[in-house]
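Undergrad: Pasted the sequence and its predicted model underneath.
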Amino acid sequence: MFKRRNPVMTANHKHAVVRSYLGDDRFKVQILGPNISASPYIVIAVALPHFPVNIGDIVFLVILEPKPRDALIIRVHKKAEIEALTAQGHLPEKFDLIDDI
């Protein structure tokens, strides 16, 4: 059976929580830093076809240049992956949702 590996992080790759659905496969997502002191912010992300994305999902995305407020969701993390990423320090154990303006 094919085993999924965690993708490699670069400066343009981020973890985020899905906040709301905007239509046409577009979502409002909040970027998550590795710790609670990291400044969260919201971007608009488009999901790749062929996998479901739900509000509250933790996702892996790539920030599209030259528009840093646009992103592409390339993976929806499963519960075991979220636990592993948290244990490795890539995701905070707790985070607050910021105001959605």
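TA: Sure thing, it's come through.

Undergrad: What count of nearby residues applies to residue 42?
TA: When neighbours are counted by other CB atoms under 10 Å, residue 42 registers 18. From N, CA and C alone the C-beta is placed, and that goes for glycine too.

Undergrad: That one contacts residue 71, correct?
TA: No: using CB atoms under 8 Å, residue 42 is not in contact with residue 71, being 10.4 Å away.

Undergrad: residues shared between the contacts of those two?
TA: Contact criterion CB atoms under 8 Å, 6 or more residues apart in numbering; residues shared by residue 42 and residue 71: residue 29.

Undergrad: and residue 81, what element?
TA: If you go by DSSP states H and E, residue 81 is part of helix 79-87.

Undergrad: list the buried ones in that helix?
TA: 81, 85 (16 or more other CB atoms under 10 Å).

Undergrad: Specify the beta-bridge partners of residue 13.
TA: residue 62 (DSSP bridges).

Undergrad: My guess is it contacts residue 61. True?
TA: Yes: using CB under 8 Å, residue 13 makes contact with residue 61 at a distance of 7.2 Å.

Undergrad: neighbour count winner among those two?
TA: residue 61 (25 against 15).

Undergrad: Flag the shaky bits of this structure, pLDDT-wise.
TA: Scanning the chain for pLDDT under 70 picks out the ranges 1-10, 35-38, 68, 101.

Undergrad: mind redoing it with 50?
TA: Counting by pLDDT under 50, the chain contains low-confidence ranges at 1-3.

Undergrad: hey, where'd the strands end up in it?
TA: 13-23, 26-32, 42-47, 58-63, 70-76 (DSSP state E).
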